[in-house]
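Undergrad: Build the 3D model from these lines:
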Amino acid sequence: MDHSVRNQIVDAATEHFSLYGYEKTTVSDLAKAIGFSKAYIYKFFDSKQAIGEVICCNCLDQMRLAVDEAVAGAESASEQLRRLFGTLAEAGTRLFFQDRKLYAIAVVACEEKWPSARAYETHMQQLVLKIVRDGRESGEFERKTPLDETAHAIYLVMKPYLDPLQLQHNLDFVQVAPAQLSNLILRSLAP
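TA: Predicted structure coming up:
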């Protein structure tokens with residue numbers, strides 16, 4: 001029962017935030033929209049941020065799953081890297097244009113370093129590290145540069161298309177940048 005009510009609150013909050021925005025919505029606004037008392041909502045969530053955290057986590061999980069599926073279907077580390085860049089840019093852009101208000105929650109999550117945003121970043125950093133390690137083991141990538149340094153540098157190049165704070169300033173390049181950047185990186189990783 002509690003799980004059902006919690007999901008109902010999250011669903012209603014997602015819809016409300018989509019219409020009015022995260023910043024402009026209060027827990028009182030949500031309570032009125034849902035038909036619950038403010039105190040009843042606080043029984044399930046400590047704050048508006050806690051509700052936003054769940055919504056943000058759901059959005060970032062969708063993006064993470066899209067990236068993981070794209071990378072898993074690649075036959076080489078080079079192709080994994082290309083798909084990682086392309087899928088990140090596509091998923092982030094889709095969220096930006098399809099639901100600006102939910103995108104705004106992701107921006108707040110990154111600005112305030114919410115656990116969901118940190119977990120998403122950590123997942124992407126680990127994925128890059130795995131791809132580089134796989135590429136080195138298969139002989140596709142060079143082995144001179146320290147592994148951590150290489151993975152971190154690639155992550156920094158991806159950041160404008162991974163981080164919602166930066167993506168909004170890089171939309172003009174989103175059609176060409178992922179392919180160009182991944183190709184540049186792959187040339188630098190050649191043995």
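
Undergrad: Can you pull the domain assignment for the chain?
TA: Domain ranges of the chain: 2-45, 49-189, per automatic domain parsing.

Undergrad: Now for the residue most central in space within the chain: which residues touch it?
TA: Residue closest to the average C-alpha location in the chain (CA atoms, centre = their mean): Leu60, at 4.2 Å. Contacts for Leu60 were tallied using CB atoms under 8 Å, 6 or more residues apart in numbering; they are 106, 109, 116-117, 119-120. (Glycine included, C-beta is placed from N, CA and C.)

Undergrad: Filter the residues you listed down to the buried ones.
TA: 106, 109, 116-117, 120 (16 or more other CB atoms under 10 Å).

Undergrad: These in helices, which ones?
TA: Those of these mapping onto helices are 106, 109, 116-117, 120, per DSSP state H.

Undergrad: Which stretches in this protein count as helices?
TA: 2-20, 27-34, 38-44, 48-72, 77-98, 100-111, 115-138, 147-162, 164-167, 177-189.

Undergrad: most distant residue from the middle of the chain?
TA: Ser37 (32.1 Å).

Undergrad: Count the neighbours of Asp46 for me.
TA: Asp46: 9 surrounding residues under other CB atoms under 10 Å.

Undergrad: ok, so what distance separates it from Glu121?
TA: Distance of Asp46 to Glu121, given as CB to CB, to the nearest Å: 23 Å.

Undergrad: Where does the prediction get shaky in this protein?
TA: The model of the chain has pLDDT under 70 over residues 1.

Undergrad: let's go with 90 and repeat that
TA: The chain contains residues with pLDDT under 90 at 1-8, 10-26, 29-36, 48-49, 52, 55-64, 73, 88-114, 116-117, 159-178.

Undergrad: Let me see the contact set for the closest residue to Arg83 other than its chain neighbours.
TA: Nearest residue to Arg83, sequence neighbours excluded (CB to CB, 6 or more residues apart in numbering): Ala70, at 4.2 Å. Applying CB under 8 Å, 6+ apart to Ala70 gives the contacts 83-84, 86-87.

Undergrad: looking at these, which has the most residues close by?
TA: Going by other CB under 10 Å, Leu84 tops these with 25 neighbours.

Undergrad: For that one, give its distance to Pro146.
TA: 21 Å.

Undergrad: How about His169?
TA: His169 is 30 Å from Pro146, by CB to CB.

Undergrad: ok, now Ser47?
TA: For Ser47, the distance to Pro146 - CB to CB - is 41 Å.

Undergrad: Just give me how far stretch 96-112 sits from the chain centre.
TA: With CA atoms, centre = their mean, to the nearest Å as the basis, stretch 96-112 stands 10 Å off its chain's centre.
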